[in-house]
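Based on what follows, work out the 3D shape:
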Amino acid sequence: MIIIKALAKVLLFPIWLILTALWLVMKAIVSVYSFLRIFIGTGLTLLIIGTAICYQDWIQVIFLGAIFGFLFLIMAAGTFIEVVLDNMRQEILDM
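Residues are numbered from 1 along each chain as shown. Sure, this is the predicted structure:
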């Protein structure tokens, strides 16, 4: 039994290393994207307000709002993938 557990730990170590590397890459991507999303979101908000006040073109306002929502969905998907990778990494570490 001890040999099987040791063999499982040896076989799971490369998988844990790969998951850790993927998790670090995903964490870096999400961090950079969240930083850039602040500026993009601020610009989109100003465009929405400017379009609504100056042009009163509601189709463009809805389109800009959809882009804003799409940016949020990208952020949520990246965070979800990051959390899934972290949970998989922790499960392998607990074994």
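
lowest-pLDDT helix or strand in this protein?
helix 2-50 (a mean of 93; mean pLDDT, DSSP states H and E).

May I see the buried residues of whichever helix or strand comes after that one?
Proceeding N to C from helix 2-50, the next assigned helix or strand is helix 58-94, under DSSP states H and E. For helix 58-94, burial by neighbour count (16 or more other C-beta atoms under 10 Å) applies to 61, 64, 68, 71, 78, 82, 85, 89, 92. No exception for glycine: its C-beta is placed from N, CA and C like everyone else's.

Which secondary structure elements does the least confident helix or strand of the chain sit against?
helix 58-94 (3 or more C-beta pairs under 8 Å, 6 or more residues apart in numbering; DSSP states H and E).

which other helices and strands contact the helix it packs on?
Applying 3+ C-beta pairs under 8 Å, 6+ apart, we find helix 58-94 packed against helix 2-50.

sorry, back to before: what is the nearest of the buried residues of helix 58-94 to residue 1?
Set against residue 1, the nearest of those by C-beta to C-beta is residue 92 (19.5 Å).

can you pull the contacts of the nearest residue to the closest one once chain neighbours are set aside?
Counting by C-beta to C-beta, 6 or more residues apart in numbering, residue 16 is the residue found nearest to residue 92 once chain neighbours are left out, at 4.7 Å. By C-beta atoms under 8 Å, 6 or more residues apart in numbering, the contact list for residue 16 reads 89, 92-93.

Need the CA coordinates for stretch 51-70. CSV is fine.
Coordinates of each C-alpha in stretch 51-70 appear next as CSV, following Å, rounded to 0.1, in the frame of the first residue of the first chain:
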residue,chain,number,x,y,z
THR,A,51,-23.5,59.4,-26.7
ALA,A,52,-26.7,59.5,-24.5
ILE,A,53,-26.3,63.2,-23.8
CYS,A,54,-25.0,64.6,-27.1
TYR,A,55,-26.4,62.3,-29.8
GLN,A,56,-29.3,60.6,-28.0
ASP,A,57,-28.7,57.6,-30.3
TRP,A,58,-30.0,54.8,-28.1
ILE,A,59,-28.9,52.0,-30.4
GLN,A,60,-25.3,53.0,-30.0
VAL,A,61,-25.8,53.3,-26.2
ILE,A,62,-27.1,49.8,-26.1
PHE,A,63,-24.2,48.6,-28.3
LEU,A,64,-21.7,50.2,-26.0
GLY,A,65,-23.5,48.7,-23.0
ALA,A,66,-23.3,45.3,-24.7
ILE,A,67,-19.5,45.7,-25.2
PHE,A,68,-19.2,46.7,-21.5
GLY,A,69,-21.2,43.5,-20.5
PHE,A,70,-19.0,41.4,-22.8
